[in-house]
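S.K.: I need the structure of the sequence given here:
(one chain, ligands or ions: 1)
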Amino acid sequence: MKKKIVILPGDGIGKEVTTEGKKVLVKIAELFGHAFEFEEASIGHDAIEATGTPLPDETLTKLKNCDAILFGAVGHPKYDNDPTLKVRPEQGLLKMRKELGLYANLRPIKLFDELLEASSIKPEILKGSDILFFRELTGDVYFGEKGRKDNGNTAFDLMIYQRYEVERIAHKAFQAARTRKKKVTSVDKANVLESSRLWREVVQEIGKQYPDILLEHQFVDAAAMKLIQNPKSFDVVVTGNLFGDILTDEASQIAGSMGMLASASVGDKVGLYEPIHGSAHDITGKGIANPLASILSVALMIDISFGLKVESETVIKAVEQTLKQGYRTADIADAKTSKEKILNTGKMGAQVVNQIATVRDRIPVSNK
Ligand code: NAD
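M.R.: Next comes the predicted model:
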């Protein structure tokens, strides 16, 4: 299979983790006989410094002409500490989602058994949790009208949803539930918000087209509590942009660390794959970032965008084997991890790459 992949490292640890993700793509291409062509492009603070804009036209052109995108993260302390700066790295991210029509963000939350102890939640509550989030990406307060009035003393962000935006993500969630445990939980705040009432109305309508799927509704405050109290009660969760942003970070604790969770942003064209974590300035340049979320993003890419199921499974199994052998980055190590088994970013990437060859050798010839 021939595919063109754009690597968008972005800022901070984005560069460190996408380097490891790319190594995995190179190994998969070599072992399974695919031709992956790579191009790099700039976004975020890096792009602002070089061109004055967080998403240069040159980057956008490359993104519109490729088969998939491996993204790192954007962000820099300069902007976090000065909210008055008008040109900001995250504008590049929002513009990219809008321009590429990436309206659904998928976040699988699945805990590797080896990391049960790394979470702050009790292992018996966690074990067996397997949730797939669908977060809407192109509507809500992020894109509604915003501004200030009364000499800057009143601020507003309009929470806005249109019927078609809810319909298309609801379809994606119901279709995914058909391949899983056949349950969809739609999360909103319909007791208070009009946009949530539209959300609920539309999800109910679409749900009628999927009579084999159990649909339940939860208010976002209750869902936040139940995620921690009984994560196993969820299968597919579908929610708006703001609620999804918050709930998926909360759910990252189920997986033990931000460094373990991958995500896919899809629409009707090219797909974008990225870890859920940010640019992590506190550890940038120290070589200790966990690259597994970026590597698991690669597994999502080759499955969802390229349909390479065996190759994707191989990457996931290679990560599992690496963890089984006791290897950890610092963020997922615990008191039982010996010093020699705590790896830096590059060595963790190399371990997974080595394991890919071993896992591939065990695949029955008929499936290769
Ligand atoms: P963050 O995800 O960057 O970091 C949160 C904590 O998790 C930090 O302590 C960090 O060290 C740790 N962490 C994150 N990824 C890790 C990894 N791979 N390995 C080990 N530890 C890891 O979130 P933040 O600190 O709130 O934000 C930092 C910057 O990232 C900000 O500028 C923010 O705007 C930006 N950000 C960008 C994105 C994105 O590009 N998609 C997402 C969230 C935050």
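S.K.: so what's the residue in the stretch 151-300 of the chain that the ligand sits nearest to up against?
M.R.: Nearest residue of the stretch 151-300 of the chain to the ligand: Gly278, at 2.4 Å (CB to the nearest ligand atom). All C-beta spots, glycine's among them, are computed from the backbone N, C-alpha and C. In this structure, Gly278 makes contact with Gly12, Ala73, Val74, Gly75, judged by CB atoms under 8 Å, 6 or more residues apart in numbering.
S.K.: Try it again at 7 Å.
M.R.: Ala73, Gly75 (CB atoms under 7 Å, 6 or more residues apart in numbering).
S.K.: who in the stretch 151-300 of the chain is up against the ligand?
M.R.: Met258, Gly259, His277, Gly278, Ser279, Ala280, His281, Asp282, Ile283, Ala289, Asn290, Ala293 (CB under 6 Å from any ligand atom).
S.K.: Return the members of those classed as buried.
M.R.: For those, burial is judged from neighbour counts taken by 16 or more other CB atoms under 10 Å, and it is met by Met258, Gly259, His277, Gly278, Ser279, Ala280, Ile283, Ala289, Asn290, Ala293.
S.K.: export these to CSV and tack on pLDDT and secondary structure?
M.R.: Converted to CSV, those look like this (pLDDT from 0 to 100; DSSP: H, G, I helix; E, B strand; the rest coil):
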residue, pLDDT, secondary structure
Met258, 79, helix
Gly259, 85, helix
His277, 91, coil
Gly278, 93, coil
Ser279, 96, coil
Ala280, 96, coil
Ile283, 96, coil
Ala289, 97, coil
Asn290, 96, coil
Ala293, 96, helix
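S.K.: Return the member of those nearest to Ile69.
M.R.: Ala293 (15.4 Å; CB to CB).
S.K.: Run through the residues that contact the closest residue to that closest one other than its chain neighbours.
M.R.: The shortest distance from Ala293 to any non-neighbouring residue, by CB to CB, 6 or more residues apart in numbering, is to Pro275 (3.3 Å). By CB under 7 Å, 6+ apart, the contact set of Pro275 is Val17, Ala73, Leu261, Ala262, Ala293, Ser294, Ser297.
S.K.: What residues are bridge-paired with Pro275?
M.R.: Bridge pairing for Pro275 (DSSP bridges) gives the partners Ala262.
S.K.: ok now the host helix or strand of Met225, how far from the chain's centre?
M.R.: Assigned by DSSP states H and E, Met225 belongs to helix 220-229. Mean-position distance between helix 220-229 and its chain equals 20 Å (CA atoms, centre = their mean, to the nearest Å).
S.K.: and if you look at stretch 41-49?
M.R.: Averaged over its C-alpha atoms, stretch 41-49 has a centre that lies 20 Å from its chain's centre (CA atoms, centre = their mean).
S.K.: how long is it from one end to the other?
M.R.: End-to-end distance of stretch 41-49 (CA to CA, to the nearest Å): 14 Å.
S.K.: Would you mind stating the distance between Val237 and His217?
M.R.: 11 Å (CB to CB, to the nearest Å).
S.K.: what's the answer for Asp268, then?
M.R.: 27 Å.
S.K.: neighbour count winner among those two?
M.R.: Of the pair Asp268 and His217, His217 is the one with more neighbours under other CB atoms under 10 Å, namely 18 against 9.
S.K.: and that one, what is it in contact with?
M.R.: His217 touches Ser186, Asp188, Arg200, counting by CB under 7 Å, 6+ apart.
S.K.: again, only using 8 Å
M.R.: Per CB under 8 Å, 6+ apart, neighbours of His217: Thr185, Ser186, Val187, Asp188, Ala190, Arg200, Val203.
S.K.: That one belongs to a helix?
M.R.: No - assessed by DSSP: H, G, I helix; E, B strand; the rest coil, His217 does not belong to a helix; its assignment is strand.
S.K.: That one bridge partners, please.
M.R.: Under the criterion DSSP bridges, His217 forms beta bridges with Ser186.
S.K.: Partner strands of the longest strand seen in the chain, with direction?
M.R.: In the chain, with assignment by DSSP state E, the single longest strand is strand 2-10. Strand 2-10 has the following sheet partners, assigned by DSSP bridges: strand 35-40 (parallel), strand 68-73 (parallel).
S.K.: which residues in the stretch 251-368 of the chain form strands?
M.R.: For the stretch 251-368 of the chain, the strands defined by DSSP state E, counting those that start in this stretch cover 262-266, 271-275.
S.K.: Ile121: what secondary structure?
M.R.: Of the three states, Ile121 takes coil under three-state DSSP.
S.K.: Enumerate every residue touching it.
M.R.: The neighbourhood of Ile121, defined by CB under 8 Å, 6+ apart, consists of Ile228, Pro231, Gln253, Ile254.
S.K.: got a markdown table for the contacts of His217, with pLDDT and distance to Leu126 too?
M.R.: Converted to a markdown table, the contacts of His217 look like this (pLDDT from 0 to 100; distance: CB to CB, whole Å):
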| residue | pLDDT | distance to Leu126 |
| --- | --- | --- |
| Thr185 | 98 | 18 |
| Ser186 | 98 | 24 |
| Val187 | 98 | 20 |
| Asp188 | 98 | 26 |
| Ala190 | 98 | 29 |
| Arg200 | 98 | 29 |
| Val203 | 98 | 28 |
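S.K.: Tell me which two in the residues you listed are the farthest apart.
M.R.: The largest separation in the contacts of His217, counting by CB to CB, is between Thr185 and Ala190 at 13.5 Å.
S.K.: So between these two, which is more surrounded?
M.R.: Using other CB under 10 Å, the more surrounded residue of Thr185 and Ala190 is Thr185, with 22 against 19.
S.K.: Would you check that Thr18 makes contact with Ile7?
M.R.: Yes - Thr18 is within contact range of Ile7, at 5.5 Å (criterion: CB atoms under 8 Å).
S.K.: That's all I had, so thanks and see you.
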